[in-house]
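In: Pasting the sequence and the predicted model now:
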Amino acid sequence: MNKNIKITTLNKSWTTESGYTFSKVDIAWKSWGTLNKSRDNVILICHALTGHAAADEWFSGLFAEGGILDPEKQFILCINIPGSCYGSTGPASINPETNEPWQTNFPDITIRDIVGFQQLLLDELGIQGIELVIGGSLGGMTALEFAIIDDRVEAAALFAMGKAHSPWAIGISEAQRLAIYADENWNNGFYDPKSPPTKGLAAARAMAMITYRTPGNYTQKFGREIHPEKKLYQVESYLNYQGEKLAGRFDANSYITLTKAMDSHDVSRGRGRFEEVLGNLHKPVLVVGFESDLLYPFKEQQELAELLPNSRLAELKSPYGHDAFLIEFNQLNTELYSFYHSLNEVQS
């Protein structure tokens, strides 16, 4: 784990929508910059499915020279979400009732639970205002719920997601989960940490990597070339490598927990019609989509922006599909700068 990530144990209760109450939680987080006296110069970053609190590693282009994130002026904060395996309470944590890892018994969580969990740390730090909450994919879902739930949020920037997880996306997630369930080491979710279901998780990641990019990108990147040593097509070698890489750093139960949390994403659930829920969100929102995104097609961002009364929509060109929100930093910084400075102009 990144040495600059802090883990804070809070003796505060956190109740999930599924009804389980944790009496204490571990929250992993990383920050850059200094809180001002009014404790409201905060930029909150929400990470994606297999991300972690070290946002400067995977959102590097937003921190780089010329990036929108400026630790000299802002207090930038990224909190590892519950259910993950990077320091925050999750399936690999110890269940106090059994003194064993939660594994598959970890309670189901939702995107709204993720927000409630992160609010515990925000309250502990005495955060009074959040200038901007930013996120893509699962992080964008979290950022949107933050804008709805938390009055401290002044504005949001949402990348590559929509108002609810579509049947298409849910189906893709379930196919990945089925790959994990089929692993010989799965054993209904319980497994020896020394023998995790790495083959199933690797297969799930390989499926995901296909949906994260585009046919054109794969043609340009790999063609029909054969790997000289492995005697596989280069694309096969790439998918095997990516699967093994994730299986070496991530937990299968976390993958299942968090993909199910993504499936829960639906801002209208229990609140009324989308038109009412989003129509009542008057905070400024930047919605960014990529024309090549196959997982969350641009029409989802169009629809979301149309439902938000104070939104700005940007369609960016990229050959990288869904992964573009982690690659196209020059384009993202341009949109974020324009949006962020328009907020400051309104305030002044």
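Out: Thanks, I have the structure now. Numbering: from 1, shown residues only.
In: who's in contact with residue 121?
Out: Neighbouring residues of residue 121 by C-beta atoms under 8 Å, 6 or more residues apart in numbering: 8, 10, 27, 29, 79. C-beta: built from backbone N, CA, C; applies to glycine.
In: I'd assumed the fourth one was in a strand, is it?
Out: Yes. When DSSP: H, G, I helix; E, B strand; the rest coil is applied, residue 29 is found to be in a strand.
In: Contacts only, for the closest residue to it other than its chain neighbours.
Out: Leaving out its chain neighbours, the residue that sits closest to residue 29 by C-beta to C-beta, 6 or more residues apart in numbering is residue 79, at 4.6 Å. Residue 79 makes contact with 27, 28, 29, 44, 46, 53, 88, 118, 121, according to C-beta under 8 Å, 6+ apart.
In: Could you point out which of the residues you listed is nearest to residue 326?
Out: Proximity of those to residue 326 (C-beta to C-beta) peaks at residue 46, which lies at 13.3 Å.
In: Tally up the residues packed near the closest one, please.
Out: Look at residue 46: counted by other C-beta atoms under 10 Å, it has 29 neighbours.
In: how near is it to residue 169?
Out: With the distance defined as C-beta to C-beta, to the nearest Å, residue 46 ends up 17 Å from residue 169.
In: ok, the contacts of residue 79 vs residue 185, which is closest?
Out: Distances from residue 185 to the contacts of residue 79, taken by C-beta to C-beta, are shortest for residue 88, at 24.4 Å.
In: surely residue 227 meets residue 233?
Out: Yes. Judged on C-beta atoms under 8 Å, residue 227 makes contact with residue 233 at a distance of 7.3 Å.
In: Tell me which residues touch residue 67, please.
Out: The contact partners of residue 67, by C-beta under 8 Å, 6+ apart, come to 61, 329, 333.
In: Now which of those would you call buried?
Out: 61, 329, 333 (16 or more other C-beta atoms under 10 Å).
In: show me where the stretch 101-250 of the chain has helices.
Out: 111-124, 138-149, 167-181, 198-212, 215-222, 234-247 (DSSP state H, counting those that start in this stretch).
In: Measure how the fifth one sits relative to helix 234-247, angle-wise.
Out: To tie it back to what came earlier, the one meant is helix 215-222. For helix 215-222 against helix 234-247, the angle by axes from the mean of the first three to the mean of the last three C-alpha atoms, to 10 degrees is 100 degrees.
In: Same check on the third one?
Out: Taking the same axes, to 10 degrees, helix 167-181 and helix 234-247 form an angle of 70 degrees between their directions.
In: The fourth one too?
Out: With the same axes, to 10 degrees applied, the angle from helix 198-212 to helix 234-247 works out at 120 degrees.
In: Pull helix 198-212 out as PDB, backbone CA atoms only.
Out: Below are the C-alpha coordinates for helix 198-212, written out as PDB (Å, rounded to 0.1, in the frame of the first residue of the first chain):
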ATOM      1  CA  THR A 198      -7.200 -16.000  -8.900                       C
ATOM      2  CA  LYS A 199      -8.200 -17.800 -12.100                       C
ATOM      3  CA  GLY A 200     -11.800 -16.700 -11.800                       C
ATOM      4  CA  LEU A 201     -10.800 -13.100 -10.900                       C
ATOM      5  CA  ALA A 202      -8.300 -13.000 -13.800                       C
ATOM      6  CA  ALA A 203     -11.100 -14.200 -16.200                       C
ATOM      7  CA  ALA A 204     -13.400 -11.500 -14.800                       C
ATOM      8  CA  ARG A 205     -10.700  -8.900 -15.400                       C
ATOM      9  CA  ALA A 206     -10.100 -10.000 -18.900                       C
ATOM     10  CA  MET A 207     -13.900  -9.600 -19.700                       C
ATOM     11  CA  ALA A 208     -13.800  -6.200 -18.100                       C
ATOM     12  CA  MET A 209     -10.700  -5.100 -20.100                       C
ATOM     13  CA  ILE A 210     -12.600  -5.800 -23.300                       C
ATOM     14  CA  THR A 211     -15.500  -3.600 -22.300                       C
ATOM     15  CA  TYR A 212     -13.100  -0.800 -21.200                       C
END
